[in-house]
Every structure is written in C-alpha cells, then in structure tokens.
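>>> Generate coordinates for the sequence data below:
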Amino acid sequence: MNKMSEIITAVAPVNIAVIKYWGKRDENLILPLNDSVSATLDTNIMCAKTSVCASLDFTENELWLNGKKDSFTSKRIINCLNKIKEIATEQKSVPADFLTWKVRVCSENNFPTAAGLASSAAGFACLVSALAKLYKINTDISAIARMGSGSACRSVYGGFVQWHAGVETDGSDSIATQIVPSSHWPEMRVLILVVGDTKKHTSSTDGMQLSVKTSAFLKHRVEHCVPKHVASIRKAIQEKDFTTFAELTMKDSNQFHAVCLDTYPPCVYMTDVSFKIVELIHAFNKQSGEVKAAYTFDAGPNACIYLLEKDVPELLSLIKHIFPSSNPETFVKGLSITEVSNPELLCSFSSLRQKEDLIKYVIHTKVGNGPEFINESHLLNGSGEPIQIS
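I've put the predicted structure just below:
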C-alpha cells in the first residue's frame, strides 16, 4: 500500500476589489456586511503557489509558508481543512482511513505578503483548491475559501467576480459568482504601484472589527451606498463602459478609506505617496479630457490602477517621470510594454515630480483566470518534504 498520496500543486490569483468589502456580520464564519466586486489578476504575473500531500507516516499536520515552517494551529486553516474533510465524508470521495492521514502544506507567494496586495486571498484560494483536489470533493469551493480569508472566495473565479454577502446565518448563501470571464474585457490592464512591501500596522481583520464598533459612516455605506455601487458597476463591466467603471472604482475606494478615517481611533492605510498617486491620476484624466485611469487602494498604501491597454504606455511613462527610480531597469515588472516618449506631456506634469524611490516598483498585469493545477515544480518532494527554493 502506498503510504503517501500524490502531491497536488495549485496556483491561485490575487484579486483586487473595485467595490470594497469592509466589516463582518459574523467573525467566525467570515460573513461580510456587504457585497463586493473584484477583478481576478493574471497568475502568470502574481500568484500564490501551494503543494499539499497526505501520508499515513506523518505524525502531525505541518505548514511551510514562504520558505519558513509555520504553525498549523491557525483556526482559519483548520476550519478549511475540516470543512473539506466533512464534505469528503459526505460524498465518500476518498477511503475513510485516508481522512485520518495528516497533511503537509507548502505555500509561497511571488509578491509581498501582508502589505495590502491580497496575499491572504490568493493563499487561501490556492490552499482550498489544492485540498479540494486532494480529497476529490465536488462542490463550489468559494464558501470554503471564504472561511480562510473573506476575499479569497473571489479568487476562486477568473474575470470579474461578485461576492454575495448573503442573509443566511450559517453563511450558506455567502458565495462568489463570476460576473464575466477574463475574455470579456481583454483590453483591461492593471498597474500595481508598490509603495511599501512591509507588514501593515493595522491588519484588515483588526481594522474591520474596529470600524464595525465605532464608524457611523460604515452603517450608511452598507445600507445605502454599496447596493447602488454594485448594481452600477456590474452594468458597466457587462457593457465595457470604462468611464462609469473608473469613476465608481475611485469613488468607492475613497469612501472605503473615509470609513477607515471615521473609525475610532482611525485606521490609516494610505500614505502621503498614496495621495500623490491620487493627485496624479486625477490630473492625468483632466489633461486627457476623459477618464483614462482609475485608482483603488485596499487596506495598504499600494495603488492599483485600472486602465485600458492602449493607455498603458502613456501613463506608465508619466509614472516613471513623476516617481523616478534609482533602478529604472527593474522598476517595471510583469507584462512587456512598448515605451513612448512625449516630452510635452511630461513637462506639463513636472510640478508633481517627487524624489527618488517613493514607489519601489510597478507591476504591469491584466485580468486573468481562476486557480489552476500544475504537474511539475512542486514545493514538496517525493517524501513530502519541502523543497528549498532559492
């Protein structure tokens, strides 16, 4: 008898919300106060990668994260594993004794963790996808991913995705559904401006709890603003109406951070550099005579700029001019781009020019698909031991 399972390796995407989720109605089940809408980003540029296996010989569940052994005692990880085993038991998808075997999980992100770049969303979507395949269950896994990290449920699908808050107390209707696939709006691009890649001062979980307790504006946002935002942006996405999409994205981001400031004591995620980026985008749109770009900020200082492919060269040249880098050859990562030179445009924005290295680097990416499985480059070897990645 083979005492170790096959190794399952998955990659899963980051998603960046355009209509934000902030605040839970149930902390244990991770049920949000409001719906949210996001775009799933291309796993070829940014992703979490996770390998899992199970063995009769393992004496305990073990986890490695970004090259370091971590604790498997996290309630969220255990909840995800137990839920998958519960479904596997109901579906009889694996032999009963297999459910008693311990698991090993090895995961890594190719982008900064806990810096406002949706690392937990990609990580839990990846973990749940891999475990679901290991235990051969057949179910919508978005609700399971939600138990690990709320926004992880959105990373289960590609394209543009809506996470439905739901009304049931058990969370059974708090799931994600795809609005449109990535192929629907192939011209959409995203520039991620990495302002800081260190761990944020107030975690999203702590910030949300504080906002729910103290922000009167949050209640108004949930009841009156978000339902309208979601309905309008769904229509804009379906119709590929970039102007409406962009304006709603920026307004919702601003409103989300206003809620954070309305929290007591306030949660401050944006920095002076973040606000300089906001100023630049509005100035760029005004100069263009139309809305060509939209910023959004999650719970961190980094900006995610949505724009169409045709406008990337112009805006990127402007970003490089306003936020100069001491390492220009490595400043832009991700999708390749044809450089453009417009001295007149750059000159008109010179008053906004900042000192070097306020933006560490830019990631150029696009809307992509959901989790995928790979049959090579596992993070665990044939004995279930982590492979040291240089």
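>>> C-terminal to the lengthiest helix in the chain, what's the next element?
For the chain, the helix with the greatest residue count under DSSP state H is helix 242-262. Scanning forward in sequence from helix 242-262 by DSSP states H and E, the next helix or strand is helix 272-288.
>>> Give me the buried positions along the longest helix of the chain.
Of all the residues in helix 242-262, those buried under the rule 16 or more other C-beta atoms under 10 Å are 242, 245-250, 252-253, 255-257, 259-260, 262. Glycine gets a C-beta too; all of them are placed from N, C-alpha and C.
>>> So what touches that helix?
Under the contact criterion C-beta atoms under 8 Å, 6 or more residues apart in numbering, helix 242-262 has outside partners 18-20, 22, 207, 211, 214-218, 221, 225, 229, 232-233, 235-237, 266-270, 281, 290-297, 299, 306, 308.
>>> now that helix against helix 272-288, angle please.
If you take axes from the mean of the first three to the mean of the last three C-alpha atoms, to 10 degrees, helix 242-262 sits at 150 degrees to helix 272-288.
>>> Nearest to residue 285 among the buried residues of helix 242-262?
residue 246 (8.1 Å; C-beta to C-beta).
>>> Look at the closest one and report its pLDDT.
In the prediction, the pLDDT value recorded for residue 246 is 98.
>>> Then residue 185?
So residue 185 comes in at 98 (pLDDT).
>>> Can you report how many residues lie near it?
19 (other C-beta atoms under 10 Å).
>>> Roughly how far does it sit from residue 245?
9 Å (C-beta to C-beta, to the nearest Å).
>>> Break down the stretch 1-150 of the chain into its helices, ranges please.
Listed in chain order, the helices of the stretch 1-150 of the chain (DSSP state H, counting those that start in this stretch) span 75-91, 119-134, 142-148.
>>> what would those helices look like in CSV with mean pLDDT and mean neighbour count?
Formatted as CSV, the helices of the stretch 1-150 of the chain follow (pLDDT from 0 to 100; neighbours: other C-beta atoms under 10 Å):
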stretch, mean pLDDT, mean neighbour count
helix 75-91, 97, 17
helix 119-134, 95, 27
helix 142-148, 96, 27
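>>> which one of those lies closest to residue 195?
Closest to residue 195 of these, according to C-beta to C-beta: helix 119-134, at 15.5 Å.
>>> Would you mind pulling up the elements that the closest one packs against?
Counting by 3 or more C-beta pairs under 8 Å, 6 or more residues apart in numbering; DSSP states H and E, the packing neighbours recorded for helix 119-134 are strand 8-13, strand 47-55, helix 75-91, strand 102-109, helix 142-148, strand 372-374.
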